[in-house]
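*Asks:* Need a 3D model of the sequence below.
(chains A, B, C, D and E, ligands or ions: 4)
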Amino acid sequence: MTFVLLAEQILNGIQFGIMLFLMAAGLTLIFGVMGLINLAHGSLYMIGAFSAAAVAGMTGSFILALLAALTASAAAGALVELLVIRRLYNKDHLDQVLATFALILIFSEGTRWIFGSFPLFLDIPDPLSGPVTIPGGIQYPLYRLVLIGAGLFISIGLGFMITKTRIGIQIRAGENDREMIAALGINISGLYTLIFSLGAALAGLAGALVGAIQSVQVGMGEPVLILAFVVIVIGGIGSIKGALIGALLVGLTDTLGSIFLPELLKLVTDPSTATSIGSSLSSMAIYILMGAILIWRPTGLFGIKP
Amino acid sequence: MSLLQLSDVSASYGASQALFGVDLDIAEGQVAALMGRNGMGKSSTVKCICRMLPSSGHIFFAGQDITNMPSHRAARLGIGLVPEGRRCFKDLSVYENLVAAQQAGLWNFAKIVDLFPRLGERESQLAASLSGGEQQMLAIGRALMTNPRLLILDEATEGLAPLIRQEIWSVISKLKYDIGLSILVIDKSLKELRSVCDKAVVIERGLTVWSGQMKDLNQDVAEKYLGV
Amino acid sequence: MMREYYLNTIILGIFIIIPIWAFIMDEPFTITLMTRAAIFALAAVGLNIALGLGGLVSLGHATFFGIGGYSMGILAYHAQTFTPLMEWPILVSGSKLMPLIWINAVIMSAVAGLLIGILSLRTSGVYFIMITLAFGQMFFFFSISWSAYGGEDGLSIYIRNSFPGLNTLVPIHYYTLCITLLCAVLWINSRLIKSPFGIALNAARQVPARVETVGLNPVRLKLAAFIMSGTVTGLAGALFADLNRFVSPTMFSWQTSGEIMVFVIIGGVGRLFGPVVGALVFVALEHWLGGLSDFWHIYLGLLLLGIVLFGRGGLIGMICGEARLHE
Amino acid sequence: MNNIVLSTKGLTKHFGALSASKNITLDLRVGEIHAIIGPNGAGKSTFISQVCGSIKPDNGTVHFLGRDVTQETVRDRAQAGLARSFQISALAMEDSVLQNALLGALGASRNPWRFLSPALGNKMLVEQAKHALDRVGLSDHANKRASELSHGQRRQLEVGIALTLSPKAFVMDEPMAGLGFEGSMKMTSFLNRLRQEAPILLVEHDMEAVFALADRISVLVYGEVIATGTVEEIRADPYVRDAYLGEEL
Amino acid sequence: AGTKVGMITTLSGGGAGLGIDVRDGFMLAIKQSGRSDIEVVIEDDQRKPDIAVQLADKMVQSEKVDVLTGIIWSNLAMAVVPSVTAQGKIYLSPNAGPSPLAGAGCHPNYFNVAWQNDSLHNAGGAYAQSEGYKDVFIMAPNYPAGTDALNGFKALFEGDVASEVYTKLGQTDYASEIAQIRASGADAVYFFLPGGMGISFLKQYSGSGVDIPVIGPAFSFDQGILQAVGAAALGVRNTSQWNKDINTPTNKAFVGSFLAEYDRLPSLYASQGFDTANLLLSALETASVSDNIGFRSALKAANFTSVRGDFKFGSNNHPIHNVYIREVVREGDIFTNKIIGKVLSDHGDPYSKDCKM
Ligand SMILES: Nc1ncnc2c1ncn2[C@@H]1O[C@H](COP(=O)(O)OP(=O)(O)OP(=O)(O)O)[C@@H](O)[C@H]1O
Ligand SMILES: Nc1ncnc2c1ncn2[C@@H]1O[C@H](COP(=O)(O)OP(=O)(O)OP(=O)(O)O)[C@@H](O)[C@H]1O
Ligand SMILES: [Mg+2]
Ligand SMILES: [Mg+2]
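*Replies:* Ligands and ions are numbered 1, 2, ... in the order given. Sure thing, here's the model as predicted:
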C-alpha cells in the first residue's frame, strides 16, 4: 500500500468520523445533554433529507432545499416535543424508548405514504461537485471537504452553547432536576421545546447534507441512529468534545478496519477466506471498540464519573 | 398587606392526601416560621407555594392568584426556594449552579461569595462532590441569586456546623432588618426561630392548628404540637 | 380498579381457551399465532427478570434469542445432514430432540449471559443499554457472515424437531409444549419476585450502595438476574426457531431486542404478566392491523404511543393501577 | 487494648490538590460513643467512607476487631459487623418499609441466594426486621412505601436498617439531620441505649445531642484531627470554639 | 372450483418498492386475463423472515391456498420455500433465486420465473470478458448473495481480479472503497450493491473524479431507483434479462398497459411479476391445480410468452433465457435503460447439475 493511499484512507476515516458527528450533533443535544433517549432522531434526519429532496426537485436550488430541511425538521421536532416528548421527561428511559419507537413507525410509514416507496433524488449542487486536489497529491471530493467544515463548525458552536452560555447551563440543570430549575423561575418546558427542535433541525440539516451523497429513502435514519448513539456513548454522554472524538475514533476504526483486517488476515489464511472473515470482523469493529472503551471507562471517554 | 396568603389549601400525593386545609399569611417584610412535627406537611405546604405540588384552595402571592400557575411563573413573581434536601444540580459546577437562574438585583455572584467564602474556594468543583454543608450553602446562595421577594428556607440549616448555622441565622436577620425581605422558615431550632421570627404557624396532620405572633407561642402550644 | 390477580387469571384463560376453540373449529393458524405469542411472551418474561426486577435495561437480549435459535438450528442442521458437529476432542453429532436442544440453548445462553454480564455490569444506565446493544450487534454481524451456517440466508430445518410422546408438527401439540414452558417459567418468576433473592435484587436496582452496606454484593445479584434472564430468552429463541423451522441473523438484530423490550413495556415493566400481555397484544395487532392498509405501521405507532402516554405502567398499569406492594 | 473495636492509623486521602484527610488516627472502644465534629467540608464524611470502605485511603490503615481491613470491600466490612447509616438517605424507595428492613436482615443472614421460597415466609428474618422497626418507632408504618415517608421518618429507617445487622460497631453520619425537636430527643435517648449493644462512631452537627451523648469527641478541621477529648475538654478548648462552635454553648 | 393464490411480499418499510412492483405486475396480468375464478391473497412480510414464515403458515393452514408466490429476498425465500414445497404447495418465485434452491435443494414444486441469483452476474463477467477488460475490481456486500455475486462474475470472466472487496451490509459511505479502486489500477469495476447501497456508491463514485468504467447487475439501475441516482448513473452498463425496449409485441403491450394502469414505467420487478402471473395462467389453461403432477408439468412447459422474449425452464425449474447488457440513458427528464447488446443466449445456471429430481 502506498503512502498516498494510506494518507487518503486516514483522511477518509476522519471525514467519515466528522460526517458521523454531523449526524450525531442533534442527538448530542437531545440525548447527550437533555438525557432523552430519542429513537426517532433518525426519522428527523430522514424528514430533513426528504424535504430537501422534494424542494430541490421543485426549485432546483440547493440552498432552498437546505432551508426546507431545517424548517421541516425543526417544525416536526417542535410538534413532537409538544405532543409527545414533553410528557416523557419525568418517565424513565423505557417509556421514552417505546414512545419514540412508535414515532419511528409513524414517521417512516408517513413518509412512505407521502413520497411513495422509491428512493428520492438529491444531488450535490454543481459548484460543489467534483474533486479538488489537496496537498499531498490526493484528489478529494470538494463536497466532502464542505461536510468536514460543516461538522467542525457545528461542533464548535454546540460546544460553546452548552458549556459557556446561560442557556446551556440551564439545560444541564434541567437534566439534573427539572422540577427544581422550574422552581427557580426558569421556563424549562419552553426551553426544552426550543432545544429539541434545534436538535431536530440539526438532524434535518445533516440528513439533507449527507443525503446528497447517499440514498434518500425510507429507513435511511435507523442505521445512522445506531451509529450516532455509539459515537455519543464512546465519547461520554453530555460531552460535545467526547462526541467529536468518539466520531473520529469510530470513523477511523471503521475505515481502516475494513482495509487492514482483510490484509492482515491474508498473512495467515488464503485470500478469499481472509477477505470474508476480515470484512465480517470489520463490521463488528466499531462495536468491539465501543465495548472495549466502556469496559475500560464505564462512562465513556469524557463522561462524568459517577 | 399580605405578600403570601394560603387559605384552605389541601393537596395529595397520588391517592394519599398530605394537606387537609392549611392557612398561612405572611406580610411584606415579615419573617414567619412554619412548624410542626416530622411528616406533618411542612414541606408539602412549601411545595404547594412553589407550585411543585398541585393543590386546591387558594394561594395568593403579591396580589396574584398563583393557585394554578406553573412553577416557573410563580418563581418569577419573586419566590426563592431553598428546598429540603438541597437539590443542587449535581453535574454543574458551583459557579454554574449559582448563575443558572440568576435574576438581576441586589444579589450577584460576588455577594454570594462574600457571604459564603467556601463557595468561592470551590467555584469550579462539581456540586456532587461538595460536602453536605457546602451543598446547603450552595442551595441558599442559589435561591438568593434569583433575588426573591419571599425567601423560603426548608430546613436550610440542616447539616450545617454550629458556626455556619449561626451565620445563616445572622444572614436571615440581616435580610430581614437591612432589606426587609419576607422569609418563611422551617427549622427545628426553636431558640433561633423565636429570636428571628415575627410570627409562627403550626401545622399538624396537614392542618393549620395554631398561628399567631411568635411571642404568643407559649410552652403549652409548643409541648402539644412540637413535643418540647 | 381490577385486582391484578384476576386479570392474570383472565389472561391465562385466553391462552387456554382460544387454542382449544381454534382446535375445535379447525383453525390451525390461530393456534400458530397463539404459539408465536406464547414464545414471544416467554422471551419477554426472560427480559423482564433483568429489566423489571434488576433494572437492567438490556437492548441486547436478541443475543440470547439468537443463541437459542442457532442452538436449535445448528444441532438440527447437523442431524439433518448427518454431519458431526465436531469431531475433536470428542465426537458430537447433531440432534433433532427438543429437550436436548433446549438444554443446549439454556447452557449456551447462560454462558453468554455470564460473559456479557460480567463485562456489561461494569457500566450502568444508558451505558449499559449501549454496551448490551454492542454485544448484540457483534453477534448479529458475526452471524451474517458466518457462511458455514447460511450467513444472512439463515438455516432452514425442513421438519420440526421432535419431543417424545408428541407430534410436534401438529400445531396444538407444539402449542401445548410452549404454553407449558411459559407457565412453568411464570410460576418460577412469581416465586422469584418474593424470594430473598428477589428482594435483594429489587433493592440492588434502587440503591446499590445500601445493598453493599448490608454486606451483599449488588453486582453479583444483578449478574445472577442477567444470566437467568438470558437463559429464559434463550429458551424462547430455541422454541421460536422451531416454530418457524428456520433461523436467521434477524433473530440477533437490534430490532428484535427492541421488540422484546417493547412487549415488556406495553404490558408493564416488572409486572409478572406484563410481558405476556405485551406479546399477546403485539401479535394480535400485527396480525389484524396488517390487513387494514399498507400503512398499518402508522396505526400501530399511534396505539403504542397511546399506551405510553396514557397508561402509567403499561396496559396492566392502565387496568389495575399502580403495582401493589407484595405483602 | 482489646477494648478497641475500630481504629484508624494515619489515614490520608487527597482529592487532587485538596487533602480531605490528613493522617487521621483515632479509635472506637467498647461501649462508647465517639463523636466526630468539625466544620462543613472538614472531611468527616470522607473519613467515614474510608472507615466503611467505599473510599480507599491513599495512606494509612483501618483495623476492625483487631483485623486489618484496609484492603477489604464495603461488603466484607459489613459482614464483619460494621453498620453504616448514610448522611443522605439511601433507601429502596419503591419498597415497603418492612422490605427495607428485611434487606438488612437478609444481609445479616448473608444468604440472598434463595430463589423460590418467599422471604416474608421466613419467620426469623421478618421478626428481626420488625423488631428493628419497632425500636426506631416505625412499626406503624411497616407497610408504607419508603417513598411515602417524610424526611424525618426516612432518617429513622436508615438507623433501623443498621440495627437489623446486629452489628459490632455503628458508623452514623448525621442521624439527627432532619429530625424535629421531638425526633431528635427520641433519637438521642435511643442512641444512648444503643451504645450498650455496640459502640458508635457518630458524625453529627447537633451539638446538643453530641454533648449529651459523646464519651469522647474528636474535632476534625481541614482533614486533620485537632483535638480529642471528653465533652468538657472540647467545650473548653478555645481553638475548637473558634473554628467550630462559635458562641453557641 | 377457483384457484387461490397466496402472495407474500414486501409492502412496507425500506424495500417496499420492489414488492409493490411485483404485486402490480402480477395483478395486471391477472386482470388482463379476465378470469374471475382466481383469488389472490396478498400479505406484507415487512422483509422479516419470521413474519414471512408466519404468513406462509397462514396461507397454507387457514387460507388453504394452492399456489404461493411473491417473495423478493433470498433470505426470506430460504425461510419459506423449503417448507411450503415440502407441504405440497406450488411456489412460483417472481424474484430471488438463491443457489441452494437451484442445486441440491431443488424441488419439483418450486419454479423460478425470474432468474437464478448468479445469472446477471455471469452475464457481467461475460460482458467484461467480451469488452476485453483485463483487470477488474469487484465488490459486493459481505453476505451470501454477495459472495454468490462475485463468484458468479468470476465464473465467466477470464481476466485478473484486481481486488475482491466485501463491504458491510447496509454501508452508506464508500469513500474508502473508492480510494481503493483509484489505487488499484483496474480497468473496470464490477459491483453488486442492491438498493440504497448502490445509490450511495454511485453518487459518491461520480463525484470522486475516478473514471474507471462501472458495470453492475440490473438491480442498482432499475426503473424504480434510477431517478434517485440521477445523472451519476448515466452511461453505466448493467446486465438484465429484460428491458422495456425489448421489441416484441407482448413486451410493448405490457409496457403500455402498465403505464396506463399505474401511471409509471414498469420495472424489472414488475416484468417478473407479470411473467409469473402469465406462467400461472398458462398452466391453468391445461391443468387443474388439484392435480399436482399434471399441474407441475403444465408449469414446466412454460407455455406462455414472456415479456423478455424466449423463455424456458431448465431441469431445475429455473429459467433458460437471454441476458442483455443495458446502458443508462436519459429520455426527456427521466432516466432509463437502453439495451445495447446481448451477452448470453439461452443461459441456464451451473447448479442444475446438482439438482436431482
Ligand atoms: N412524595 C411523596 N409521596 C407520598 N407521600 C408523601 C410524599 N412526600 C411526603 N409524603 C407524605 O406527606 C406527609 C407530609 O410530608 P412532608 O414532607 O410535607 O412533612 P414535613 O412536615 O416536611 O416533615 P419533615 O419534618 O420530616 O420534613 C407525610 O406523611 C409523608 O408521608
Ligand atoms: N470526589 C471528590 N472530589 C473532590 N473533592 C471532594 C470529593 N469528595 C469530597 N470532596 C471535598 O472534600 C471535602 C470533605 O468533604 P466531606 O464530605 O468529607 O465533608 P464533611 O466533613 O462530611 O462535611 P459536612 O459536614 O458538610 O457533611 C469537601 O470540601 C469536599 O468538597
Ligand atoms: Mg420536610
Ligand atoms: Mg458530611
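*Asks:* Check A:Ile162 and give its pLDDT.
*Replies:* Looking at A:Ile162, its pLDDT reads 87.
*Asks:* Can you tell me how far it is from A:Leu44?
*Replies:* 19 Å (CB to CB, to the nearest Å). Yep, even glycine has a C-beta here, placed from its N, CA and C like the rest.
*Asks:* Between these two, which is the more surrounded one?
*Replies:* Between A:Ile162 and A:Leu44, counting by other CB atoms under 10 Å in any protein chain shown, A:Leu44 is the more crowded of the two (34 against 21).
*Asks:* Just the strands from the chain, written as ranges.
*Replies:* Chain wasn't specified; assuming chain A. Using DSSP state E, the strands of chain A run over A:131-134, A:138-141.
*Asks:* Chain E was what I was after
*Replies:* Using DSSP E, strands in chain E cover E:3-9, E:38-44, E:67-69, E:90-93, E:110-112, E:135-141, E:160-167, E:188-191, E:214-217, E:237-240, E:312-313, E:319-331, E:334-347.
*Asks:* Please produce CSV containing those strands, extended by mean pLDDT.
*Replies:* Formatted as CSV, the strands of chain E follow (pLDDT from 0 to 100):
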stretch, mean pLDDT
strand E:3-9, 94
strand E:38-44, 92
strand E:67-69, 95
strand E:90-93, 95
strand E:110-112, 95
strand E:135-141, 93
strand E:160-167, 89
strand E:188-191, 94
strand E:214-217, 93
strand E:237-240, 93
strand E:312-313, 92
strand E:319-331, 92
strand E:334-347, 91
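*Asks:* Which among these is found nearest to D:Met187?
*Replies:* Within these, the stretch nearest D:Met187 is strand E:38-44; the backing value is 67.0 Å (CB to CB).
*Asks:* Ligand 1 contacts on chain B?
*Replies:* Listed as neighbours of ligand 1 in chain B under the rule CB under 6 Å from any ligand atom: B:Tyr13, B:Ser16, B:Ala18, B:Gly36, B:Asn38, B:Gly39, B:Met40, B:Gly41, B:Lys42, B:Ser43, B:Ser44, B:Glu84.
*Asks:* Could you point out which of the residues you listed is nearest to B:Pro162?
*Replies:* Distances from B:Pro162 to the residues of chain B next to ligand 1, taken by CB to CB, are shortest for B:Glu84, at 20.5 Å.
*Asks:* got a list of what the residue nearest to the closest one when sequence neighbours are not counted touches?
*Replies:* Closest residue in space to B:Glu84, ignoring its immediate chain neighbours: B:Asp154 at 4.3 Å, by CB to CB, 6 or more residues apart in numbering or on different chains. The neighbours of B:Asp154, taking CB atoms under 8 Å, 6 or more residues apart in numbering or on different chains as the test, are B:Lys42, B:Ser43, B:Val46, B:Leu81, B:Val82, B:Pro83, B:Glu84, B:Ile186.
*Asks:* Run through the residues that contact residue 238.
*Replies:* Let's take chain A. Residues counted as contacts of A:Gly238 (CB under 8 Å, 6+ apart) are A:Gly32, A:Val33, A:Gly35, A:Arg172, A:Glu175, A:Gly303, A:Ile304, B:Asp91.
*Asks:* Switch to chain E, please.
*Replies:* E:Ile215, E:Gly216, E:Pro217, E:Ala218, E:Ser220, E:Phe221, E:Ile325, E:Arg326, E:Glu327, E:Val328, E:Asn337.
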